[in-house]
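Asks: structural data only, the sequence is not supplied:
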């Protein structure tokens, strides 16, 4: 390293968040594409310090993906080393057998050889490490590693819910004499579109807000380690105001509720005057007639509201890119959205207001990686900023005011404790209650050679139990 006095400019940082779960569901096709696109972007920007925060590392079944995760890390390190990044810190939470602690988060950091000073904090010693070795990779059970702090969200938030993998992992760095924290976070998803569009903020939005406030409070109340400016980036699972989006898309359309008598699976079709389906909303379906163009238009951004109550506590650069989720996982369809959820800006890079004091605010880039290639169901999001040198450790301003505001927000969020239910058990049948105008039964049957077999009885009483031949649906105009 050079001496700090030799530094003539600010330090360029590149922060990236990526939910990589789907990569490990189809590693042969997707991993190499992802790595090539990611390293190409790093090569283009040439940051002096790179932070990559991953969520859902290993996919749904980590035990089947461990070899692919190791290959991913090996290839990434080789590519970064070839570009002059000699300082490496990797924290991979891989102990999937320990449900109490497992988060499937991965925090990966690379420092360039041209950095003058680089130190990492020890959260157990409450001090800086004496020496930063060139390369350290921590994997498996990393609970005892003291240069990171990791936690799952408290189980008492969700007394009826089994352990999820949602949580956070943070590190603290001094980069060319300036101290920042980098926090990886993964918040709760929307389990049902029908429940999400019943109101705003939805039950899921309130769950996310509660966990986010809890995390920020924890950092500000940490007296032993102190509080410093931080970047918070990960998969927040922020969703658009689904109720508002549906209202916007369905003006002058008629809603028809279709419910399977056997499975109690409800869908709502919004049809135009000639009976064409324009929008369909089901528990895990959100499909528009112009799906691939409609949600890439600017009108959708006004429904991105989840961060609004926290704008005094967390700030963000303006978003000019398209929603980062949910994209098709097929390399042949890299720019298409899946028709499972309303496209949203789930993946974000936020920061405390004090960050503005230690960066050159006007010089930034906030964008998407791999817009035209398949990067899995989430497109990675990156932010480049220039960190001022030798600013030391900056204490947060107006801490009491911030804590009071967090408490007020938490109190508002917890008005109804009945909200904290198991998300997968939200009652879809109770969504969008409306007066019944007309109902009819519809038989949906498989297309087989003997679908019109002679003597077949199509009466509803028989069809309701004849599960081999069809499914009986009840359609209601609402």
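Replies: Cool, the structure landed. Quantities reported herein were computed from a predicted structural model and do not represent experimental measurements. Numbers count the residues shown, from 1 in each chain.
Asks: surely residue 69 is in a helix?
Replies: Yes. Assessed by DSSP: H, G, I helix; E, B strand; the rest coil, residue 69 belongs to a helix.
Asks: pretty sure it contacts residue 24?
Replies: Yes. Assessed by C-beta atoms under 8 Å, residue 69 is found in contact with residue 24 at 7.0 Å. No exception for glycine: its C-beta is placed from N, CA and C like everyone else's.
Asks: need the overlap of contacts for these two.
Replies: 57, 58 (C-beta atoms under 8 Å, 6 or more residues apart in numbering).
Asks: what bits of the stretch 201-350 of the chain have low per-residue confidence?
Replies: Within the stretch 201-350 of the chain, the segments meeting pLDDT under 70 span 261-264.
Asks: what ranges do the helices span in it?
Replies: Listed in chain order, the helices of the stretch 201-350 of the chain (DSSP state H, counting those that start in this stretch) span residues 203-220, 242-249, 291-294.
Asks: who are the packing partners of the second one?
Replies: With contacts taken as 3 or more C-beta pairs under 8 Å, 6 or more residues apart in numbering; DSSP states H and E, helix 242-249 sits against helix 193-196, strand 277-282.
Asks: one more: the shortest one?
Replies: Applying 3+ C-beta pairs under 8 Å, 6+ apart, one finds that helix 291-294 contacts no other helix or strand.
Asks: same check, this time on the first one
Replies: Identification of packing neighbours for helix 203-220 by 3+ C-beta pairs under 8 Å, 6+ apart yields strand 178-186, helix 193-196, strand 230-235, helix 399-413.
Asks: could these be laid out in a markdown table, adding mean neighbour count and distance to residue 111?
Replies: Output for the helices and strands packed on helix 203-220, formatted as a markdown table (neighbours: other C-beta atoms under 10 Å; distance: least, C-beta to C-beta, whole Å):
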| stretch | mean neighbour count | distance to residue 111 |
| --- | --- | --- |
| strand 178-186 | 23 | 12 |
| helix 193-196 | 26 | 41 |
| strand 230-235 | 26 | 16 |
| helix 399-413 | 14 | 30 |
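Asks: could I get the ones you listed as JSON lines with distance to residue 224?
Replies: Shown next, in JSON lines, are these (distance: least, C-beta to C-beta, whole Å):
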{"stretch": "strand 178-186", "distance to residue 224": "14"}
{"stretch": "helix 193-196", "distance to residue 224": "39"}
{"stretch": "strand 230-235", "distance to residue 224": "16"}
{"stretch": "helix 399-413", "distance to residue 224": "15"}
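Asks: out of those, which is closest to residue 210?
Replies: Smallest distance to residue 210 across those (C-beta to C-beta): 5.1 Å, for helix 399-413.
Asks: roughly how far is the closest one from the heart of the chain?
Replies: When C-alpha coordinates are averaged (C-alpha atoms, centre = their mean, to the nearest Å), helix 399-413 and its chain have centres 24 Å apart.
Asks: now do the same contact list for residue 110.
Replies: Applying C-beta under 8 Å, 6+ apart, we find residue 110 in contact with 49, 50, 52, 80, 85, 87, 88.
Asks: report the separation between it and residue 36.
Replies: Distance from residue 110 to residue 36, counting by C-beta to C-beta, to the nearest Å: 17 Å.
Asks: cool, residue 103 as well?
Replies: Distance, residue 103 to residue 36, using C-beta to C-beta: 27 Å.
Asks: what about those two, which has more around it?
Replies: Set residue 103 next to residue 36 and count neighbours by other C-beta atoms under 10 Å: residue 103 wins out with 23 against 14.
Asks: and that one, that one's in a helix?
Replies: No. Secondary structure of residue 103 (three-state DSSP): coil, not part of a helix.
Asks: hmm, it is touching residue 186, no?
Replies: Yes. Using C-beta under 8 Å, residue 103 is in contact with residue 186, at 6.9 Å.
Asks: overlap in contacts, those two.
Replies: 165, 166, 167, 168.
Asks: could you redo these as TSV and give each row secondary structure, pLDDT and distance to residue 215?
Replies: Shown next, in TSV, are those (DSSP: H, G, I helix; E, B strand; the rest coil; pLDDT from 0 to 100; distance: C-beta to C-beta, whole Å):
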residue	secondary structure	pLDDT	distance to residue 215
165	coil	83	15
166	coil	90	11
167	strand	94	9
168	strand	96	5
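Asks: so which pair among the contacts of residue 110 is furthest apart in space?
Replies: Checking the contacts of residue 110 with C-beta to C-beta, the most distant pair is 52 and 87, at 13.8 Å.
Asks: what's the closest non-adjacent residue to residue 278?
Replies: Leaving aside its chain neighbours, residue 278 sits nearest to residue 289 (4.9 Å; criterion: C-beta to C-beta, 6 or more residues apart in numbering).
Asks: ok, the one you found - contacts?
Replies: 276, 277, 278, 279.
Asks: buried subset of the residues you listed as a PyMOL selection?
Replies: For the buried members of the contacts of residue 289, the matching PyMOL selection, counting by 16 or more other C-beta atoms under 10 Å, is:
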select buried, resi 278+279
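Asks: quick one: which of the contacts of residue 289 is nearest to residue 363?
Replies: Using C-beta to C-beta, these come closest to residue 363 at residue 279, 41.4 Å.
Asks: return the set of residues that bridge with the closest one.
Replies: residue 270, residue 288 (DSSP bridges).
Asks: residue contacts, it?
Replies: Counting by C-beta under 8 Å, 6+ apart, residue 279 has contacts 246, 249, 250, 253, 269, 270, 287, 288, 289.
Asks: ok, 7 Å please
Replies: Contact partners of residue 279, counting by C-beta atoms under 7 Å, 6 or more residues apart in numbering, are 249, 250, 270, 288.
Asks: what about the last one, neighbour count?
Replies: Around residue 288 sit 21 other residues, with neighbours defined as other C-beta under 10 Å.
Asks: what sits against it?
Replies: Going by C-beta under 7 Å, 6+ apart, residue 288 touches 249, 278, 279, 294.
Asks: and these as CSV, adding distance to residue 94?
Replies: Output for these, formatted as CSV (distance: C-beta to C-beta, whole Å):
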residue, distance to residue 94
249, 42
278, 45
279, 41
294, 40
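Asks: now, which of the residues you listed sits nearest residue 214?
Replies: Residue 214 lies nearest to residue 249 out of these, by C-beta to C-beta, at 34.0 Å.
Asks: can you tell me the closest non-neighbouring residue to residue 331?
Replies: Using C-beta to C-beta, 6+ apart, the nearest residue to residue 331 is residue 374, at 4.3 Å.
Asks: from residue 183, how far out is that neighbour?
Replies: Residue 374 sits 28 Å away from residue 183, going by C-beta to C-beta.
Asks: is it correct that residue 120 falls within a strand?
Replies: Yes. Read with three-state DSSP, residue 120 is one of the residues of a strand.
Asks: filter the contacts of residue 279 down to the buried ones, PyMOL style.
Replies: Restricted to buried positions by 16+ other C-beta under 10 Å, the PyMOL selection for these reads:
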select buried, resi 249+250+270+288
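Asks: tabulate the contacts of residue 279 (a markdown table), appending distance to residue 406.
Replies: Output for the contacts of residue 279, formatted as a markdown table (distance: C-beta to C-beta, whole Å):
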| residue | distance to residue 406 |
| --- | --- |
| 249 | 35 |
| 250 | 37 |
| 270 | 39 |
| 288 | 37 |
